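**Student:** Test case, fold it:
(chains A and B)
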Amino acid sequence: MAILGLAIKSFRNRKFTTGLTVLSIALSVMLLLGIEKIRVGAESSFTSTISGTDLIVGARSSPVQLLLYSVFHIGNPTNNISVHSYEEISEQPQVKWAIPLSLGDSHKGYRVVGTSADFYQHYRFGKQQSLQLEQGAWFGEGYQAVVGADVAAAQGYEPGTEIIIAHGSGDESFVTHADKPFRITGVLQRTGTPVDRAVYVGLESIDAIHESFEGDEHGHDPLMRHADHADESEEGELSAILIGLQSRGAALAMQRTINEHDHEPLTAIMPGTVLLEVWQMMGTVENVLMVVSGFVVAVGLFSMLIILMTSLNERRREMAILRSVGARPAHVFVLIMGEAVFLTLLAIILGLAMVYALMLFMQPWLESAFGLYVAIGWPNTTELILLSVIALCGFLIGLIPSLRIYRYSLADGMTIRV
Amino acid sequence: MPEASPVIQITDLRFAWKKQAQPVLNIASLEINREERVFLRGPSGSGKSTLLNLLAGVALPQSGVLKVLGRDMNTLGSAQRDHFRADHIGLIFQMFNLIPYLSVVENVTLPCRFSGKRRHKVLAQGDSLEHEAMRLLDHLDMAHADVLHEPVSELSVGQQQRVAAARALIGAPELVIADEPTSSLDADRRSAFIDLLFRECDSANATLVFVSHDNTLQAPFERTIEFDQLNRAAQAQPKLHVVS
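**Tutor:** Here you go, the predicted model:
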């Protein structure tokens, strides 16, 4: 009890330097945990982009490329697949549902995805969550569109707004379908996935604007398919197909069947496997971040050691005085050791408080700017391990000055020479 | 009258600081009895403080016997000596050695926080530690409300010395060792301080070893030891001559 009281008063006496030490370690803890939380949030956002889809089918290409353009709207397909293949696959008895996707157009930099009502009905993200409409209804026939939450928020769209779709997927396009505006019928609820940053239209309307684009040259009505294009419309093309199977166990066999499809070269991927593969590719960056923040923590702890060691001269005399009035070597050891442990624990608590405050403040921005949902919850196992390691390091660092002062306290502190 | 049982017994004691070949202390024999008040006088550098270090158990002699209150200090470990010192010895340092961030009362009561024996002595009198501290400080004209709870670093040198004295006396230790305790006090306070020291030693049946250069303080002491005669190592050292 005497030691605890002394420790508290000693802290008060050195509040500025101890405050700086605590702040230095707390900032390191905040950085380390912040990176860990963002990493977990990124991984969670990434892997929960799509769920419930057993296979993704596209033209023959690399699995990563297929995943990126079909789910994340990054990059473009090198080739398309025929509607015939789509029909053939969707008629397979193991296939429960098949969502056609047609990519290649954009609206103000947002991808336009041509699809069917099956997308709204069957697409799942996160923990098997289905898409929900925030406003309006899913598109019907004609030039109608549904927009993701980010598109609506950024552009101020709501049902009834008319938008123009452009060729290509860039931010700027010189070729637009200005003559055929799409009317927004619905706005999707936020998902934290690329769905929020896309515009969904019917496959027929996508085909129609492209026919119209060609048809104009011939002076034909856009949605009335011209006889000259009859074959083309029958043999229309898709960018990818999302497939849900009757049984997940059939995925491997179905994947093999599609990969050996003899009508045209196709690639079928299991999204979970490829998601993991892509995440592992990004793992190096993640590791670099962790190493950097680890160094920051090491610097923070080292600064604590420096502050403890530089204050040793002053403290040696203090400890010697304490021993002269009866404190045992164990008391002075516990005093210094306790101080190091207390500083570390205080810094950890402060660091945790800072990281949660920061997350609370930054969560909406991270979600809207990066589609990154960082959950604010109890520390996960990795975070607890990291915090334990920091606490252990604080303990070990405290041993150095504690042992020194234990050894020196009386020998050189109590000089009563005449 | 004091009992004639020795509180301090020294036989053939030799002590040298580390890295020094010549011993600082070489004392053939010394006995100080219970309740005796001893005035220790000697020139600077003669080894008086070193002897006090040994008596307090801060350092150990390389050879010889040093018994304090019947305990052979050479047989005690470091922590045991700390414990022994806390329970039985009150030290007044030349440099005061107060904890700067503690208040006057906290500094005075500090030994009782570490020594159960001294704490119980105070409590057995029906006093709290704070009351006992106030009583001692009052005798030293230090029980002013405006300074009692101030950090000692804000006190004058003379005030700090009185706080150091009160700290040594609290809990009635059997042996009080005072190293130049009046050097920062004016004549009136010096007298009050000596009165208090003797009164407290009387009430606790304590033995007093008092080091000072001030020969005017010598009178009330029962015995004066000329340290350069006691310490053969000091006799062997060359004398410094001041050339005017």
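
**Student:** Specify the local secondary structure of A:Gly377.
**Tutor:** Recorded secondary structure, A:Gly377: coil (DSSP: H, G, I helix; E, B strand; the rest coil).

**Student:** Distance check, the closest residue to A:Ala59 other than its chain neighbours against chain B.
**Tutor:** The shortest distance from A:Ala59 to any non-neighbouring residue, by CB to CB, 6 or more residues apart in numbering or on different chains, is to A:Asn79 (3.6 Å). The C-beta positions use only the backbone N, C-alpha and C, and glycine is treated the same way. Distance of A:Asn79 to chain B, computed by CB to the nearest CB, to the nearest Å: 78 Å.

**Student:** just checking, next helix/strand downstream of the helix or strand hosting B:Lys121?
**Tutor:** Counting by DSSP states H and E, the element that carries B:Lys121 is helix B:116-124. Next in sequence after helix B:116-124, counting helices and strands by DSSP H and E, comes helix B:129-139.

**Student:** tell me the angle that next one makes with helix B:116-124.
**Tutor:** 80 degrees (axes from the mean of the first three to the mean of the last three CA atoms, to 10 degrees).

**Student:** And the contacts of helix B:129-139?
**Tutor:** The contact list for helix B:129-139 (CB atoms under 8 Å, 6 or more residues apart in numbering or on different chains) reads B:104-105, B:108-109, B:112, B:119, B:122-123, B:125, B:127, B:143, B:148, B:162-163, B:165-166, B:169-171, B:192, B:195-196, B:199-200.

**Student:** Could you tell me which of the residues you listed count as buried?
**Tutor:** Among the contacts of helix B:129-139, those classed as buried by 16 or more other CB atoms under 10 Å in any protein chain shown are B:104-105, B:108-109, B:112, B:119, B:122, B:143, B:148, B:162-163, B:165-166, B:169-171, B:192, B:196, B:200.

**Student:** and those residues near chain A, which?
**Tutor:** The subset of these within reach of chain A, by CB under 8 Å from any CB of the partner chain, is empty.

**Student:** ok and the residue in chain B nearest chain A?
**Tutor:** Nearest to chain A, among the residues of chain B, is B:Ala86, at 2.5 Å (CB to the nearest CB).

**Student:** So that residue is in contact with A:His331, correct?
**Tutor:** No - applying CB atoms under 8 Å as the test, B:Ala86 and A:His331 come out as separate, 10.3 Å apart.

**Student:** So which of the two has more stuff around it?
**Tutor:** B:Ala86 (26 against 21; other CB atoms under 10 Å in any protein chain shown).

**Student:** mind checking how far the closest residue to the more buried one other than its chain neighbours is from B:Asn33?
**Tutor:** Among residues not flanking B:Ala86 along the chain, A:Gly326 sits closest, at 2.5 Å (CB to CB, 6+ apart). Going from A:Gly326 to B:Asn33 by CB to CB, to the nearest Å gives 25 Å.

**Student:** Which of the two has more residues huddled nearby?
**Tutor:** Higher neighbour count among A:Gly326 and B:Asn33: A:Gly326, with 25 against 17, using other CB under 10 Å.

**Student:** now that one, what's its secondary structure?
**Tutor:** Look at A:Gly326: counting by three-state DSSP, its state is coil.

**Student:** contacting residues for it?
**Tutor:** A:Gly326 makes contacts with B:Asp82, B:His83, B:Arg85, B:Ala86, B:Asp87, B:Leu110, B:Pro111, B:Arg113, B:Phe114, B:Ser115, as judged by CB under 8 Å, 6+ apart.
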